[in-house]
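Undergrad: Pasting the sequence and the predicted model now:
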Amino acid sequence: MEELEKAAAGLLYDANYDPDALAKRHAARVLVHEINHIHPDLEADRKALFRKLLARTGESFFFEGPVHIDYGFNLSIGENFYANANFTVLDGAKVTIGDNCFIAPNVGLYTAGHPLDAARRNAGLEYAHPITIGDNVWIGAGVSILPGTTIGDGTVIAAGSVVRGAFPGGVILAGAPARVIREITEADSSAYT
């Protein structure tokens, strides 16, 4: 089994010394470099590079710069996607983001984790577990989403939260570790009028 096949299966894999993994991350770095340095007036060209890098995009999406994406071929974004500055995705496993998702600055989605024992960690081994984010999710500034997390539709994640686990839709998450603070209700639709 190839190292990236092990990653897709959730097994320990060599992310740091395997030539194929290194080559694929290098190819992504080249595209990310181009994306991060393209003139703002050339948005159509920038979108074309994102479509080349990512597994799937909607028609309408926008990334503020800079971004960092490890592989790209594991990242799918839905329609009407927006990510603010310093969006980081370590996509050793699949990252699936639904429609109408808004991501604040300095957010990281991290599918990768490392063994606790130094010997395997120093050997370059890590694991990756998928992240799934539903439709209509808003992720606040400085949020870290950790391996294996699932976020339900319509959830809002408060700034600075550290999110790990499975969470329902229609709730507000906050904290480190994140927990459900409350449900989003009909009253929230008139809170800022």
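TA: Looks like it came in fine. Keep in mind the model is a prediction, meaning the values are calculated, not measured.
Undergrad: Return the per-residue confidence for Cys101.
TA: Here the pLDDT value assigned to Cys101 is 98.
Undergrad: With adjacent residues omitted, what lies nearest to it?
TA: Leaving aside its chain neighbours, Cys101 sits nearest to Val137 (4.9 Å; criterion: C-beta to C-beta, 6 or more residues apart in numbering). For every residue, glycine as well, the C-beta is placed using N, CA and C.
Undergrad: Ile151 now?
TA: Using C-beta to C-beta, 6+ apart, the nearest residue to Ile151 is Ile133, at 4.7 Å.
Undergrad: follow-up on the earlier one: I figured the residue nearest to Cys101 was touching Thr149, is that so?
TA: No - the pair Val137 and Thr149 does not pass the contact test of C-beta atoms under 8 Å, sitting 11.4 Å apart.
Undergrad: give me the element Asp135 is part of.
TA: Counting by DSSP states H and E, no helix or strand carries Asp135.
Undergrad: how about the nearest residue to it once chain neighbours are set aside, what does it touch?
TA: Excluding its sequence neighbours, the residue lying closest to Asp135 (C-beta to C-beta, 6+ apart) is Gly98, at 3.7 Å. Listed by C-beta atoms under 8 Å, 6 or more residues apart in numbering, the contact set of Gly98 reads 78, 133-137, 153.
Undergrad: and the closest residue in space to Leu53 that isn't next to it in sequence, how many neighbours?
TA: Distances taken as C-beta to C-beta, 6+ apart place Gly72 nearest to Leu53, at 3.8 Å, with adjacent residues excluded. When neighbours are defined as other C-beta atoms under 10 Å, Gly72 has 21 of them.
Undergrad: what's the answer for Lys47, then?
TA: With other C-beta under 10 Å as criterion, Lys47 counts 17.
Undergrad: what are the ranges of the helices in this structure?
TA: For the chain, the helices defined by DSSP state H occupy 3-8, 19-37, 43-53, 118-122.
Undergrad: winner for burial among those?
TA: helix 3-8 (a mean of 20; mean count of other C-beta atoms under 10 Å).
Undergrad: Just the mean pLDDT for that one, thanks.
TA: Here the average pLDDT along helix 3-8 is 92.
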